[in-house]
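[1] structural data only, the sequence is not supplied:
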Ligand code: NAD
Ligand code: MG
């Protein structure tokens with residue numbers, strides 16, 4: 001029996017996780033549910049899963065959550081504030097942490113889970129992009145296991161041998177991350193100038209939170225995933241390639257020295273990756289429909305358009321630059337995407353904001369969490385000024 005903390009329980013990954021968990025009450029129980037400020041949704045989940053602990057990150061919502069749970073007869077203890085996330089991730093109410101908070105807000109709880117030796121099911125890619133080295137050190141220190149939930153990284157994990165010192169030792173030549181291309185695949189920059197948040201969030205294959213949906217539309221999602229793959233699989237950027245595959249059936253591939261390509265295929269449904277990570281090294285039912293290859297008929301591939309979708313090129317650039325560049329990339333992206341979703345910034349200005357911020361990124365590598373958070377905050381202030389200038 002595993003006991004889970006689902007951080008980001010009210011989001012898209014949270015919902016998919018709890019759907020899989022509910023199918024296996026003999027294997028998984030929920031010890032902690034955490035969310036930002038959606039009291040209604042968190043109350044409903046607590047009433048259904050009865051966790052020992054409910055965490056609301058926005059302390060202003062604490063009283064309301066307490067009252068709502070009490071009114072529903074739910075006995076979950078309530079904790080509030082960002083610090084409560086960290087305590088929940090490392091505390092005694094769970095042995096497994098699903099890190100499904102969106103953005104930098106998930107960094108500290110993700111690190112805390114790793115340091116505490118929890119089984120870490122990682123969706124919060126922004127944490128890896130900001131602090132990949134620190135996360136690796138925390139995992140070593142805690143001795144726990146990281147299982148990727150991001151579908152591409154989960155696929156790569158499945159295509160790699162179980163034990164390996166490094167990629168060369170097992171004959172891996174390249175990692176190929178597939179990308180759907182997002183809702184605007186094939187469009188020119190001129191056609192992207194007037195894109196609205198609703199258009200950007202209408203992904204052809206996946207239903208996801210709004211931030212990652214915009215990231216998928218700009219291809220920054222794939223850029224963040226290249227950096228994530230670099231850290232999770234200790235692969236140099238030159239050995240991580242992106243191939244556009246509009247059907248999202250092949251979730252990624254590993255190329256070996258003998259010419260073999262191993263791929264993981266499935267319907268585009270996050271519950272497959274989640275069920276894999278929950279049960280690994282075993283396998284459980286995820287509630288996902290079987291993939292019908294004959295009905296599918298074909299799989300298509302093309303090269304990404306880096307000139308139109310500049311965010312992917314900017315991510316490779318930040319990875320090559322090193323130092324604080326990937327922190328700046330992530331912070332500028334989060335600020336620019338929030339401004340775009342708020343109708344304060346045009347779609348194409350997202351890449352522009354990031355490019356300008358990267359040009360002024362500090363060169364030194366931040367040594368610890370405090371330095372990372374400082375670089376993040378500085379980059380956000382800088383991005384805010386760029387956004388104000390670009391939206392004027
Ligand atoms: P979402 O917007 O649907 O949900 C985000 C969750 O994070 C919510 O529960 C919200 O309450 C919580 N949250 C937001 N800000 C917070 C804060 N300051 N403190 C505490 N909690 C906070 O997002 P999502 O689509 O579920 O994505 C979550 C993460 O998983 C992201 O990092 C995303 O890149 C990654 N991911 C998502 C998918 C997907 O299919 N949705 C696939 C791969 C990776
Ligand atoms: Mg992904």
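    Good, I have the coordinates. No experiment lies behind these values; they were computed from the predicted model shown. Ligands and ions are numbered 1, 2, ... in the order given.
[2] leaving out the residues flanking it, which one is nearest to the one residue in the stretch 251-392 of the chain that gets nearest to ligand 1?
    In the stretch 251-392 of the chain, the residue that lies nearest ligand 1 is residue 270 (4.6 Å; CB to the nearest ligand atom). All C-beta atoms are positioned from the backbone trio N, CA, C, and that covers glycine. Distances taken as CB to CB, 6 or more residues apart in numbering place residue 16 nearest to residue 270, at 4.6 Å, with adjacent residues excluded.
[3] residues near the one you found, how many?
    Residue 16 is flanked by 26 other residues according to other CB atoms under 10 Å.
[4] how about it, what does it touch?
    Residue 16 makes contact with 269, 270, 271, 274, according to CB atoms under 8 Å, 6 or more residues apart in numbering.
[5] also residue 334?
    By CB under 8 Å, 6+ apart, the contact list for residue 334 reads 103, 104, 126, 211, 380.
[6] ok, now how distant is it from residue 351?
    14 Å (CB to CB, to the nearest Å).
[7] do residue 357 as well
    11 Å.
[8] who's more crowded, the two?
    residue 357 (27 against 24).
[9] buried residues in the helix or strand that that one is a member of, which are they?
    With elements taken from DSSP states H and E, the one containing residue 357 is helix 349-359. Using 16 or more other CB atoms under 10 Å as the test for burial, helix 349-359 gives 349, 350, 351, 352, 353, 354, 355, 356, 357, 358.
[10] need these in CSV with pLDDT and distance to residue 384, can you?
    Listed next are those as CSV, based on pLDDT from 0 to 100; distance: CB to CB, whole Å:
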residue, pLDDT, distance to residue 384
349, 97, 13
350, 98, 14
351, 98, 17
352, 97, 14
353, 98, 9
354, 98, 13
355, 98, 16
356, 96, 12
357, 97, 10
358, 97, 16
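[11] out of these, who's nearest residue 286?
    Closest approach to residue 286 among these (CB to CB): residue 350, at 33.3 Å.
[12] contacting residues for the residue lying closest to that closest one once chain neighbours are set aside?
    Excluding the flanking residues, the one nearest residue 350 by CB to CB, 6+ apart is residue 336, at 4.3 Å. Contact analysis of residue 336 by CB under 8 Å, 6+ apart lists 345, 349, 350, 353, 354, 383, 387.
[13] report pLDDT for the residue nearest to residue 270.
    You'll see residue 16 listed with a pLDDT of 98.
[14] residue 194 now?
    Residue 194 is given a pLDDT of 94.
[15] return the residues of the stretch 51-200 of the chain in contact with ligand 1.
    57, 85, 100, 101, 102, 105, 123, 124, 125, 126, 150 (CB under 6 Å from any ligand atom).
[16] kindly recompute the last result at 8 Å.
    57-58, 82, 85, 99-103, 105-106, 109, 123-127, 149-151 (CB under 8 Å from any ligand atom).
[17] show me what from the stretch 251-392 of the chain comes close to ligand 1.
    270, 273.
[18] nearest residue to the residue of the chain found nearest ligand 2 other than its sequence neighbours?
    As assessed by CB to the ion, ligand 2 sits closest to residue 150 within the chain, at 4.2 Å. Excluding the flanking residues, the one nearest residue 150 by CB to CB, 6+ apart is residue 125, at 5.7 Å.
[19] a helix runs through the residue nearest to residue 270, doesn't it?
    Yes. Remark: residue 16 belongs to a helix, assigned using DSSP: H, G, I helix; E, B strand; the rest coil.
[20] now it: how far from residue 381?
    35 Å.
[21] which residues of the protein lie near ligand 2?
    Within the chain, the positions adjacent to ligand 2 are 150, 151, 152 by CB under 5 Å from the ion.
[22] now those residues as CSV including neighbour count and secondary structure?
    Formatted as CSV, the residues of the chain next to ligand 2 follow (neighbours: other CB atoms under 10 Å; DSSP: H, G, I helix; E, B strand; the rest coil):
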residue, neighbour count, secondary structure
150, 27, coil
151, 25, helix
152, 27, helix
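[23] now pLDDT too, for those residues, in TSV please.
    Conversion of the residues of the chain next to ligand 2 to TSV gives the following (pLDDT from 0 to 100):
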residue	pLDDT
150	98
151	98
152	98
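[24] ok, these vs residue 341, which is closest?
    residue 150 (21.2 Å).
[25] relative to residue 298, how far out is residue 70?
    Residue 70 is 55 Å from residue 298, by CB to CB.
[26] need the contact list for whichever residue of the stretch 151-300 of the chain sits closest to ligand 1.
    Using CB to the nearest ligand atom, the single residue of the stretch 151-300 of the chain nearest to ligand 1 is residue 209, 2.5 Å away. With contact taken as CB under 8 Å, 6+ apart, residue 209 is in contact with 11, 12, 13, 102.
[27] thank you, goodbye.
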